[in-house]
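J.: structure here, sequence nowhere to be found:
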Ligand code: C6P
């Protein structure tokens, strides 16, 4: 019995009369009771618009929001709370960097190095910057096991590279990119690094200070927190020289008819009423993850990943993409296809058995093209999954081709 299962009310629910087998954790994770309670408690006892009110309730809401910021700052090793910008999600965090760093500071002829593994959220904003500023986009391509080699990194980060924006973990292949090597190569070239941590921070620790990364982005909802709150970490010296991204209330100092001055960090980047309840939930999620511990998370996921890869290898007509060994630099994400069956049909048939997986291009169309496919099925694990979940998934998968009239 997985000791964490009972902490997640939704995992006690039934789907199509079956126990819910939730294997779409890379899309979003489920929420433990402690997070649900923290959000409810905030709305029951502390809800008010922060910063604006002089009454006690508003002061308490401000305190709750700033406490959450401090919890996140400490957790990822930021030097100062003001280096933590709350956003809606990783997508908004990545857009913030592209529009407030890329647009003002990049010049024609500069280069931005990305990888072909990028989620569209860390690609399309840079395409917009490239078009507006005449910047060239370079791409790192993985080898057959989904890994970025040292040679590729050295070749694609050039003296003209001003920004390197890469994902820490691929949301399709699960491979962990060598962040330290990429950061070292980028800094030698005089470039800043944007690390998309949306798929890494739920599974292993991030220490922005030790890594010396310039920007890091992630979403709360992929690490047990509610949807609608995300984080951008940025080095203070960089954030201070960047113009605001969104403008309006909360982010100003003085406003005149023709001009405005801006609030200090982090408010300069947090226009409008913030998601205090979301931030409170995120801080509680951090406390929950701390209690479980990344060692437990990684050990559980590594066992489940090996078990799932082994099981999939024994199912006829299944192709798994990227690494098939469950190596250490690998998270619990497996993309695969079933011969002759569209991924949407696979996911729909599995749903009949209460199994939730994702099917499609996973917001990574360039990677799909690089792999020579249009779409794939994807299962993604978290520490509350069990071997029984994988057994149910495999049994269901074995039925798929039969359902569609194929023989063995
Ligand atoms: N990937 C998936 O199923 P948002 O939507 O802003 O919370 O996260 C965007 C994002 C950014 N980077 C990576 C590496 C991601 O995987 C994601 C979200 C989900 O794979 C939804 S498409």
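T.: Yep, that arrived. Quick caveat: nothing in here was measured; it's all calculated off a predicted structure.

J.: contacts, neighbours, all on C-alpha from now
T.: Noted.

J.: leaving out the residues flanking it, which one is nearest to residue 304?
T.: Leaving aside its chain neighbours, residue 304 sits nearest to residue 387 (6.4 Å; criterion: C-alpha to C-alpha, 6 or more residues apart in numbering).

J.: can you give me phi and psi for that neighbour?
T.: Per-residue torsions, residue 387: phi -60, psi -30 (degrees, to the nearest 10).

J.: the stretch 301-408 of the chain against the ligand: which residues are in contact?
T.: With C-alpha under 6 Å from any ligand atom as the criterion, the stretch 301-408 of the chain meets the ligand at residues 362, 363.

J.: repeat for the chain
T.: Contact residues (C-alpha under 6 Å from any ligand atom) of the chain with the ligand: 26-27, 89-91, 119, 121, 167, 170-171, 196, 198-199, 219, 362-363.

J.: just the buried residues of those.
T.: Among the residues of the chain next to the ligand, the ones that count as buried by 16 or more other C-alpha atoms under 10 Å are 26-27, 89-91, 119, 121, 167, 170-171, 196, 198-199, 219, 362.

J.: excluding chain neighbours, what is closest to the residue in the stretch 1-150 of the chain that the ligand sits nearest to?
T.: Residue nearest to the ligand within the stretch 1-150 of the chain: residue 27 (3.3 Å; C-alpha to the nearest ligand atom). Of all residues not flanking residue 27 in the chain, residue 222 sits nearest, at 6.9 Å (C-alpha to C-alpha, 6+ apart).

J.: is the one you found in contact with residue 198, as I believe?
T.: Yes. With contacts counted by C-alpha atoms under 8 Å, residue 222 reaches residue 198, the gap being 7.0 Å.

J.: continuing past the worst-scoring helix or strand of the chain on mean pLDDT, what's the next helix or strand?
T.: Scoring the helices and strands of the chain by mean pLDDT, DSSP states H and E places strand 14-15 at the bottom, with a mean of 90. Per DSSP states H and E, the first helix or strand lying C-terminal to strand 14-15 is strand 18-19.

J.: quick one: contacts of that next one?
T.: 11, 12, 13, 353, 354 (C-alpha atoms under 8 Å, 6 or more residues apart in numbering).

J.: emit the ChimeraX select command for whichever of the residues you listed are buried.
T.: Burial among the contacts of strand 18-19 is assessed by 16+ other C-alpha under 10 Å; the matching ChimeraX selection reads:
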select :11,353,354
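
J.: out of the contacts of strand 18-19, who's nearest residue 405?
T.: Of all those, residue 353 has the smallest distance to residue 405: 18.5 Å, by C-alpha to C-alpha.

J.: so which residues of the stretch 1-150 of the chain form helices?
T.: Secondary structure of the stretch 1-150 of the chain, counting by DSSP state H, counting those that start in this stretch: helices at 33-45, 56-75, 90-97, 103-105, 124-133, 150-156.

J.: deepest-packed of these, please.
T.: Highest mean neighbour count among the helices of the stretch 1-150 of the chain (mean count of other C-alpha atoms under 10 Å): helix 90-97, with a mean of 24.

J.: other SSEs contacting that helix?
T.: Helices and strands touching helix 90-97, by 3 or more C-alpha pairs under 8 Å, 6 or more residues apart in numbering; DSSP states H and E, are strand 192-196, strand 215-219, strand 230-234.

J.: for the first one, give the mean pLDDT please.
T.: The average pLDDT within strand 192-196 is 99.

J.: ditto for stretch 275-283
T.: Taken as a whole, stretch 275-283 has an average pLDDT of 98.

J.: from the chain's centroid, how far away is that stretch?
T.: Relative to the chain's own centre, stretch 275-283 is displaced by 17 Å; criterion: C-alpha atoms, centre = their mean, to the nearest Å.
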